[in-house]
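Trainee: here is the input, now give the coordinates:
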Amino acid sequence: MILLHGGLSSHRAWRGQIPALINAGYRVVLVDSRGHGRSTLGRAPLTYELMAADLAALIARLRLKRPALVGWSDGAIIALVQAMDPAADLGPVYAFGANMNQDGVRPNAGDAPILKQIGPRLAAEYAALSPAPDFAGLSRAVRAMQSLRLHYDADAVARVRARAVRIATGAHDEFVLPRHAAWIARAIAGAELEVLTGCGHFAPWQEPAAFNRSVLAFLETHGRR
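Mentor: Predicted structure coming up:
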């Protein structure tokens, strides 16, 4: 399986998941999205389509056959965009905390108190990993992508195809409206919807046991191959 982290994060976001997934017998591939972690940003504006193309290139380079994708936030969006590609040959896709357009964002999401806790952690991990750290520059690129280049309607989302799809959300997500997760699930033929009770947008960090149970139950239900 490939784990896809959220905006301004890195492969380190999954430290609470890797042991559980490996112990369950999965081969785990960690990715730093373009501009994040150890990956360079390049000169092109960040878009979800560009990062989905990066993902497709990685799958081809590693010769992975029908990999499962587990995405969180921006990583979940990247997974779903990749699954819109008719040429993609994917296993199960688990998308947590995704929004596919601005209608899914809570009003004043940028003022969520949790950002004061999470922001310094993201900045510190980026500084430790990036070969040419410019957190302010990356933040501008990510915010532009999230606000100006995220505009998938129901027809676009309906193009998502994978072996199985679960749209998951925290009942108390600080950024994405719960009804938006339900909208995504309705738009994708055969998709499942799961609301993790007692969890917010950062469930993989704050409630790793509950998040891991959800991911593993989904993957076991839909098979490893």
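Trainee: got a list of contacts for the helix or strand containing Val70?
Mentor: Val70 is part of strand 69-72, with elements assigned from DSSP states H and E. Identification of contacts with strand 69-72 by C-beta atoms under 8 Å, 6 or more residues apart in numbering yields 1-6, 13, 17, 55, 77-80, 82-83, 90-98, 162, 204, 215. All C-beta atoms are positioned from the backbone trio N, CA, C, and that covers glycine.
Trainee: and the next element down the chain from it?
Mentor: In the C-terminal direction, the helix or strand that comes right after strand 69-72 (DSSP H and E) is helix 74-84.
Trainee: the next helix-or-strand element following that next one packs against which elements?
Mentor: For helix 74-84, the following helix or strand on the C-terminal side (DSSP H and E) is strand 93-96. Secondary-structure packing of strand 93-96 (3 or more C-beta pairs under 8 Å, 6 or more residues apart in numbering; DSSP states H and E): strand 69-72, helix 74-84, strand 165-170, helix 208-221.
Trainee: the shortest one pairs with which strands?
Mentor: If you go by DSSP bridges, strand 69-72 pairs up with strand 2-4 (parallel), strand 93-96 (parallel).
Trainee: tell me the most buried of those strands?
Mentor: Most buried of those, by mean neighbour count (mean count of other C-beta atoms under 10 Å): strand 93-96, with a mean of 29.
Trainee: so what's the residue count around the residue lying closest to Gly42 once chain neighbours are set aside?
Mentor: Leaving aside its sequence neighbours, Gly42 sits nearest to Arg34 (C-beta to C-beta, 6 or more residues apart in numbering; 6.6 Å). Residue neighbour count, defined by other C-beta atoms under 10 Å, stands at 21 for Arg34.
Trainee: and for the one 3 residues further on?
Mentor: Gly37 is surrounded by 21 other residues when neighbours are defined as other C-beta under 10 Å.
Trainee: in this structure, which spans are helices?
Mentor: Using DSSP state H, the helices of the chain run over residues 18-23, 48-62, 74-84, 115-129, 135-148, 154-157, 178-187, 203-206, 208-221.
Trainee: turn the ones you listed into TSV, columns for distance to Asp103.
Mentor: Listed next are the helices of the chain as TSV, based on distance: least, C-beta to C-beta, whole Å:
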stretch	distance to Asp103
helix 18-23	33
helix 48-62	16
helix 74-84	14
helix 115-129	21
helix 135-148	13
helix 154-157	11
helix 178-187	7
helix 203-206	22
helix 208-221	25
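Trainee: what about the chain, any weak spots by pLDDT?
Mentor: For the chain, residues meeting the criterion pLDDT under 70 lie at 223-225.
Trainee: from Ala24, how far out is Glu220?
Mentor: Computed as C-beta to C-beta, to the nearest Å, the Glu220 to Ala24 distance reads 8 Å.
Trainee: still on that earlier bit, nearest to Ala156, of the helices and strands packed on strand 93-96?
Mentor: Nearest to Ala156, of all the helices and strands packed on strand 93-96, is helix 74-84, at 6.7 Å by C-beta to C-beta.
Trainee: dump the C-alpha coordinates for that closest one into CSV.
Mentor: Provided in CSV are the C-alpha atoms of helix 74-84 (Å, rounded to 0.1, in the frame of the first residue of the first chain):
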residue,chain,number,x,y,z
ASP,A,74,-4.5,16.5,0.6
GLY,A,75,-3.2,12.9,0.3
ALA,A,76,-6.8,11.7,0.1
ILE,A,77,-7.5,14.2,-2.6
ILE,A,78,-4.5,13.0,-4.6
ALA,A,79,-5.6,9.4,-4.2
LEU,A,80,-9.1,10.2,-5.5
VAL,A,81,-7.7,12.3,-8.4
GLN,A,82,-5.4,9.4,-9.4
ALA,A,83,-8.4,7.1,-9.3
MET,A,84,-10.2,9.4,-11.8
